[in-house]
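heads up, no residue letters with this:
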């Protein structure tokens, strides 16, 4: 039962949260006061009664977690931090200003924010990852709370989360939907039909509780019911009013994302009963230790015989399993293709650290982001083509400063008969254009294993591209490969051109090498397995040594991939380029027509990225008059 | 009531479809016979009794539509085409071979395939677009049938489709889920729990019918019930067995995506009763005319005064409305931000041609793909950042050879206070790496209007990037801008360097120009509004004229955007580059650190893409000894 004292405290706190949301946005001149006000009552009850959090130690594993999936309600979140005594009023008033930790949408620049939000529909799937960590890895009793807007339930990713949370019986996960009825441009699809939300959630296996989101007793009861359940996640569907508490804003259109003018602000504050300076003692969490996920063994990477034919995706699976043995914090996720990515070997060896994400790539990436909040090292794998499904989640993972490792298999036309829908042909471009990213593309099995081992502790978004087809092992198992490096695998002082390849095309380059040599043309070959960062100095040296004649060959669209990375090595960023050798004559060989079905060999040939095409390109360079002018 | 004759016919046809699916994949040596066999009974009934289609005229607007969302069941689809008499056995046996129209997954190379599938979870949302066209634009009684796999219902996009189809009461849409229980690597999440599917579908507002997918009477009854309903879409949830009809395959793991060996094939064919040569007379469709969506008026593009400050997104909204008046086949979609993209003006003027997609970007793109099947010209708009949510749909739209027009607003750090989550910073890279794409990035309002007018009839994926902030109008309303062109807006015969910008950075380049001029340095300025295709010859000329000194400045990550497009202009594709001028000295100015909140000016400065950064870059080039060596 809710006490009178609680009711009074919550009312006062909620009004303060509203007022502070208004004040901060008015000073900023922009932001979302009304979307903050609708959820203020909900958050007042949560913060004072149900939320357990050690603000001095955000890394405390026992902390409850709170994700503002409706990131535009950031002013409310920041007002809660002020009420918790961890930011002062001066900082609150820095909202949205350059240099402030209080950005327009929450980011982990603030120590209590685990993940960035602002792209709607991401908070709940990320929370699924955190709840998986809490229930299955940490095995700690903390709760993961998520505040959602009503509009964002139109995102399919939200339903991926509903689906997976129920599948994994995440009773530690509590979603609160702030059904304030009004989206950015008018009424939401479902308006105040909280029953519709409830029916959908129940059909997906959740406990659903419909309440008046401005009735403290109902909020209290709903939250106590939510934490009591032990066989399913709970969603609290709270009917609220946008701008609640101020008559001139309440439930009115035209107030989305709009700050009040100073005179409107003063009137609103007065109507809300004036400024308060309430500080809440937030409950401390438990003091349990997380359950260890295993004992570290020495790393024993797989090794392969030179000359054997092994697919790099196969080597990835082997290496991931080895890594799992060596690093108990490595966890794996896959989108129902683990027999193609070979993540099934990890899953079999470490079932407690493997999460099947079914065919839900957005949820897979989001879960990885959630897991890394708790310092696990998630490796998420599927076909390279299907990682495009989660591109917004990868983009946002970068804003979250997340450390996640991704593997995309079945890259390029060389997959063969399955056709274009299954071919990853834009992944290098997409991943290169992600902040904090590392992009790796190994050409053989031993190299793959060595790179996978380095992925684990690499910061940021680390992407490994692998090949479906078995390709010859060309490196010894003792060879080392540093991220940012490359391998010059053919070289002489008579080289007339340099061929730069990676993955499957490196093997075509090697075939071309032999034929060109027979014709009296010697070329250098660079294995550019580290696409980002790329090995600038080795490329410069090669251009210097081979009269500026470069051929870059890749199983990828023409734009944004390896060819672009090589060109970038010859440009300056913000200042003069450092290359001073002969004029660059660079030929790109990449996929430019829509591929069809066919054998891998046929498709490499049709795309003009096979040995024949490389030979022709080298010949055109070597014969060209410019190439001899130096 | 189902007749005995029907039962016999369907049994025979279904066995033929199974046998042909097996035969085609065995010859191919790969493919998905068992996933075809589970749905053969369903498709036999559909093809003979309910499907109305003029195979000689696939463009007939009255045709029913059939989308194989489970694209890997392509052998079944092709076997249906054989049964319909439109491909012969020889062509069937060309499955998955180079040059065959029968690819591993269906593509519109075949005239009866409207859209490519193979990335799961896309067929139903695309069907929503087709059903919108049928119900609200064509106003014709055709039905849109979609065959889904059970695994793919894990994709959130499927629930976006469930949501939108019910919202738009698409009673002309019938989904059939082939619940064969087995995914690629084992049991699906829901197995044979057809009730769970049914509850979810009903909660989203659909009629749901659970049947035994191998009981012809039940199939017949379900389909007749589906076409009779007139207030909601229907889903038929068919419990089936993968590999149905062959004991050694039926409901067994390990048979996903695996062709039978010749001896297994022979045994299976015998078990299925031997080869048949049934040809079905598919019902002809109605012969109604589509309802006209309006009468074409002369195009009256908006125009803006030079010097006025107008956001390019504002000009987009104005131009789209003008286009709507001139071209009745233009339709618009938006993801609940139409007051930010200014698509609200179109929506207000042409409510019958506007579809609110709420915050469901995947569904928005899919609907656009569906609408263009019926030759409408869809313009889909949201923030550039949020188009990343639909990247897989855009990738697949290219495989579908779709003609769709996309607008991404709020590009880059210049949006200001909202922070990184709302900033489109990877869109140029992502869109450049889409096959068939055109990428436009106007710098002023008049230019925007002229480009929007050209988007409408441009083939492929056409993307327009716009800016949140109001920027000065620098072109007269009479100026023309061709796709693939550029504008040299400052030029002299003393130019020492060239600055290449687009969108917001062009205005920074103009500021830099003035300051540099005061210091005695004259520069050329190129407005590269057509990022793909880029104006190669103008760039070559500029490099030739300005000693190879280029500065490219863009409000985008360093990788894959305008800078990459300019570098590509100096590389060769498959053959020698054509540029023969002085050594290129190219400096890229782009965003490299994660942006925060701040004013647009502060953020442009912090990202080093403002006039100050441009000036510094030009100085470093002009001062550099190499730059004077020619």
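Cool, got the structure. Just so it is clear, the structure is predicted and the values come from calculations on it, not from any experiment.

C-alpha only now, for contacts and for neighbours.
Noted.

now name the helix or strand holding the nearest residue to residue A:246 once chain neighbours are set aside.
Spatial nearest neighbour of residue A:246, excluding adjacent residues (C-alpha to C-alpha, 6 or more residues apart in numbering or on different chains): residue A:268 at 5.9 Å. Residue A:268 is part of helix A:262-271 when elements are defined by DSSP states H and E.

let me see the mean pLDDT of that helix.
Across helix A:262-271, pLDDT averages out at 98.

repeat for stretch A:462-473
Average pLDDT, stretch A:462-473: 98.

can you tell if that stretch touches chain B?
No. Applying C-alpha under 8 Å from any C-alpha of the partner chain, one finds stretch A:462-473 separated from chain B by no less than 14.2 Å.

likewise stretch A:255-264?
No. Residues of stretch A:255-264 are not located near chain B by C-alpha under 8 Å from any C-alpha, the shortest gap being 10.1 Å.

so which strand or helix has residue A:438?
Taking DSSP H and E as the definition, residue A:438 sits inside strand A:437-440.

and stretch A:310-317, is it in reach of chain B?
No. Figure legend: stretch A:310-317 not in contact with chain B (C-alpha under 8 Å from any C-alpha); closest approach 15.2 Å.

centre of the chain to stretch A:263-280, how far?
Its chain's average C-alpha position is 39 Å from that of stretch A:263-280, according to C-alpha atoms, centre = their mean, to the nearest Å.

swap that for stretch A:454-463, sorry
12 Å.

and it, end to end?
Stretch A:454-463 has an end-to-end distance of 12 Å (C-alpha to C-alpha, to the nearest Å).

what's around the residue in the stretch 101-250 of chain A that chain B sits nearest to, how many residues?
Going by C-alpha to the nearest C-alpha, chain B is nearest to residue A:156 of the stretch 101-250 of chain A, at 3.6 Å. Look at residue A:156: counted by other C-alpha atoms under 10 Å in any protein chain shown, it has 30 neighbours.

look up the closest residue to it, ignoring the ones flanking it.
residue B:156 (3.6 Å).

with residue A:46 instead?
Using C-alpha to C-alpha, 6+ apart, the closest residue to residue A:46 is residue A:223 (7.8 Å).

chain B contacts on the stretch 301-450 of chain A?
A:336-339, A:358-361, A:385-393, A:396, A:399, A:417-422, A:426, A:429-430, A:432-435.

of these, select the buried ones using a ChimeraX command.
Of those, the buried ones go into a single ChimeraX selection, burial set by 16 or more other C-alpha atoms under 10 Å in any protein chain shown:
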select /A:336,337,338,358,359,360,361,385,386,387,388,389,390,391,392,393,396,399,417,418,419,420,421,422,426,429,430,432,433,434,435
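
now do the helix holding residue A:268: everything it contacts.
Contacts with helix A:262-271, where a contact means C-alpha atoms under 8 Å, 6 or more residues apart in numbering or on different chains, come from A:19, A:22, A:23, A:26, A:245, A:246, A:275.

same for the strand holding residue A:438, what does it pack against?
helix A:427-432, strand A:461-465, strand A:530-532 (3 or more C-alpha pairs under 8 Å, 6 or more residues apart in numbering or on different chains; DSSP states H and E).

following element in sequence after the helix holding residue A:268, please.
Following helix A:262-271 toward the C-terminus (DSSP H and E): strand A:309-311.

among the residues of the stretch 301-450 of chain A next to chain B, which are located in helices?
Using DSSP state H, the subset of those located in helices is A:338-339, A:361, A:385-387, A:391-393, A:396, A:399, A:429-430, A:432.

widest-spaced pair of those residues?
Using C-alpha to C-alpha, the pair of these lying farthest apart is A:339 and A:399, separated by 31.6 Å.

show me the contacts for the residue nearest to residue A:429 when sequence neighbours are not counted.
Distance criterion C-alpha to C-alpha, 6+ apart; nearest residue to residue A:429, sequence neighbours excluded, is residue A:560 at 4.2 Å. The neighbourhood of residue A:560, defined by C-alpha under 8 Å, 6+ apart, consists of A:426, A:428, A:429, A:430, A:432, B:429, B:432, B:433, B:559, B:560, B:561, B:564.
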